[in-house]
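Visitor: Just a sequence and a predicted model for now, questions to come.
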Amino acid sequence: MSEQAPEAMRWSTENCTISRTMQILGDKWTFHVLRELFVGVRRFEDIRARSGIPRQVLTERLAALIERGLLRRHPYRLPGQRERYEYRLTQAGLDLYPVLVAMIQWGDQYLPLDGGPPIVPQHRDCGEQVSVVLRCESGHEPVAREIAIRPGPGAEPRALAS
């Protein structure tokens, strides 16, 4: 490895947090499902109708999100009908809320619509718009170029090619 190579070249990506997260969240439809749940749409047919996700794809995504612990099924029954399920976010699913808000912020900044944003995250109590802010444990709010991604305790050295 050359002396000019970035420090990151010394560390393996085999156990990368981003890669492991993208195994769960990285397909086209997952955040569409999560969006619906975040806005209160919980029933299969309602999610399908609002999002346009094909039935089989929605079935697969819901099952995968349940298996990974982001959703749980909650039974309900309409009079005269069989038992069905609503889908509700677990704590792990709710903890994705800042990711969704960050996606909204990014999209509104770099993919704006002439008429303004189609959805706005607002604080229920005061009505003000919510935004995601990066803050270190000392209270600083660094911009991207002031943040370094460094090896953590679980980092493994990269195997050198022979």
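Guide: Okay, I see it.
Visitor: So Arg72 belongs to a strand, correct?
Guide: Yes - Arg72 sits within a strand when classified using DSSP: H, G, I helix; E, B strand; the rest coil.
Visitor: what pairs with it across the strands?
Guide: Arg88 (DSSP bridges).
Visitor: Per-residue confidence, it, what does it come out as?
Guide: pLDDT for Arg72: 98.
Visitor: so it touches Thr90, yeah?
Guide: Yes - using C-beta atoms under 8 Å, Arg72 is in contact with Thr90, at 5.6 Å. To be clear about C-beta, it is placed using only N, CA and C from the backbone, and glycine gets the same treatment.
Visitor: Which positions in the helix or strand of the chain with the lowest mean pLDDT come out as buried?
Guide: Within the chain, no helix or strand scores below helix 17-25, which has a mean of 91 by mean pLDDT, DSSP states H and E. Using 16 or more other C-beta atoms under 10 Å as the test for burial, helix 17-25 gives Ile24.
Visitor: what's the following helix or strand after that helix?
Guide: The helix or strand immediately downstream of helix 17-25 is helix 30-38, counting by DSSP states H and E.
Visitor: which is the next helix or strand following that next one?
Guide: Defined by DSSP H and E, the subsequent element after helix 30-38 is helix 44-51.
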